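Enquirer: Structure for this input, please:
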Amino acid sequence: MAIKATVFKAALQIADMGRYYYADHALTLAQHPSETEERMMVRLFAFALYADPALTFAQGISGDDEPDLWQKDLTGAIERWIVVGLPDERAIRKACGRSTQVVVISYGRAADIWWNENRSKLTRLNNLTVLRLPSDDTQALAKLADRTMQLQCTLQEGGLMMTSEDGVVEIEPVVWHGKLPSGQSWEQN
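Expert: Here you go, the predicted structure:
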């Protein structure tokens, strides 16, 4: 008998000062049996960072050819393809051919090794953004996970602050390649 996904509900209030985006989102996240709460909360972070009415959770870990989140236009063309973790370089190149923008949000102890192995190939892709989240921050984010979450998210000057009744987590992603949705762009090694 297959283990089923665990369903989480999140009421997410977003105030993105850089993009002038202010909205409430009622989200349902399915945590795959092999997915940690840390990874699931990084997916929620990705949603908050790139929030848009057209942004949706995709199959991700359960689908072979889908990202964790994507945003499509009215014709079905993929505008934004967001992957959480340390994807294969060939899969990223393929996604860059299918989408206007591809975002990789890396985290964990192996992220630096992954970036050093793939940097030379990935920095050639103009429609790619690669972000690195500090491990301490993603682990703190995982502690906010609850089956029903009430979260407030403020984005300002390249950082994100997520607040719940269980605490506050501040995350400032490191931009390895590309730019943040607020328009900030630089590369850090």
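
Enquirer: How much space separates the residue nearest to residue 5 when sequence neighbours are not counted from residue 180?
Expert: The spatially closest residue to residue 5, leaving aside those adjacent along the chain, is residue 30, at 4.0 Å (C-beta to C-beta, 6 or more residues apart in numbering). Where you see a C-beta, it was placed from the backbone N, CA and C, and this is true even at glycine. Residue 30 is 27 Å from residue 180, where distance means C-beta to C-beta, to the nearest Å.

Enquirer: more crowded one of those two?
Expert: Remark: of residue 30 and residue 180, residue 180 carries more neighbours, 22 against 16, as counted by other C-beta atoms under 10 Å.

Enquirer: Now the more buried one. Nearest residue, chain neighbours left out?
Expert: Nearest in space to residue 180, with sequence neighbours left out and distances taken as C-beta to C-beta, 6+ apart, is residue 158 at 5.7 Å.

Enquirer: these two touch, right, the one you found and residue 172?
Expert: Yes: using C-beta atoms under 8 Å as the test, residue 158 is close enough to residue 172 to be in contact (6.2 Å).

Enquirer: Dig out what the closest residue to residue 128 other than its chain neighbours forms beta bridges with.
Expert: Nearest residue to residue 128 in three dimensions, chain neighbours excluded: residue 102, at 5.0 Å (C-beta to C-beta, 6+ apart). Applying DSSP bridges to residue 102 yields these beta-bridge partners: residue 81, residue 128.

Enquirer: residues near residue 102, how many?
Expert: The local packing of residue 102 (other C-beta under 10 Å) involves 28 other residues.

Enquirer: again with the one 4 residues further on
Expert: Residues near residue 106, counting by other C-beta under 10 Å, number 23.

Enquirer: any idea which element it lies in?
Expert: Secondary-structure element containing residue 106, defined by DSSP states H and E: strand 99-107.

Enquirer: and that strand, which residues are buried?
Expert: By neighbour count with 16 or more other C-beta atoms under 10 Å, strand 99-107 contains the buried residues 99, 101-107.

Enquirer: same deal with stretch 46-59?
Expert: Taking 16+ other C-beta under 10 Å as the basis for neighbour counts, the residues of stretch 46-59 that come out buried are 46-51, 55, 57-58.

Enquirer: That one spans what distance, first to last residue?
Expert: 15 Å (C-alpha to C-alpha, to the nearest Å).

Enquirer: ok but the residue nearest to residue 5 is inside a strand, no?
Expert: Yes: the secondary structure assignment for residue 30 places it in a strand, going by DSSP: H, G, I helix; E, B strand; the rest coil.
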